[in-house]
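>>> Here is a sequence with its predicted model. Questions after.
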Amino acid sequence: MKALGRVKDRMRKTRYFTYMFMSLWKILTFFCSMLFVLHMRGQSVHNFFSMFNTGFSEHKIIINEVGAFF
């Protein structure tokens, strides 16, 4: 039981340090798998990077007010 208690204490001390690397690993894995799926579907991976600025620039959004049903 003492050994399990020591493991628990060590995990408590290193958990957040490990989570930092795991979150970076998950981001990298998701990004690479997204690029792989785009490539396998026959879409241009280059367009993903070249249109990045266009996707995050200003867009005109028209909002129309609709009357309530009350």
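Perfect, thanks for sending it.
>>> max-length helix in this structure?
helix 2-40 (DSSP state H).
>>> following it, which helix or strand shows up next?
helix 45-50 (DSSP states H and E).
>>> one step back: how about the longest helix of the chain: buried residues?
Buried residues in helix 2-40, counted by 16 or more other Cβ atoms under 10 Å: none are found. In this view, the C-beta of every residue, glycine as well, is placed from N, C-alpha and C.
>>> same for it, what does it pack against?
Packing contacts for helix 2-40, counted by 3 or more Cβ pairs under 8 Å, 6 or more residues apart in numbering; DSSP states H and E, involve helix 45-50.
>>> Report the backbone C-alpha coordinates of the helix it packs on in CSV.
The C-alpha coordinates for helix 45-50 follow below in CSV (Å, rounded to 0.1, in the frame of the first residue of the first chain):
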residue,chain,number,x,y,z
VAL,A,45,-3.1,21.1,-48.8
HIS,A,46,-1.5,24.3,-50.1
ASN,A,47,-4.9,26.0,-50.2
PHE,A,48,-5.2,25.5,-46.5
PHE,A,49,-2.1,27.6,-45.8
SER,A,50,-2.6,30.1,-48.6
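>>> mean confidence for that helix?
Here helix 45-50 scores 85 as its mean pLDDT.
>>> And stretch 57-67, by the same measure?
87.
>>> Quick one: end-to-end distance for it.
Stretch 57-67 has an end-to-end distance of 31 Å (Cα to Cα, to the nearest Å).
>>> Tell me the buried residues in it?
Under 16+ other Cβ under 10 Å, stretch 57-67 has no buried positions.
>>> thinking again about what came up before, roughly how far out does the longest helix of the chain sit from the chain middle?
13 Å (Cα atoms, centre = their mean, to the nearest Å).
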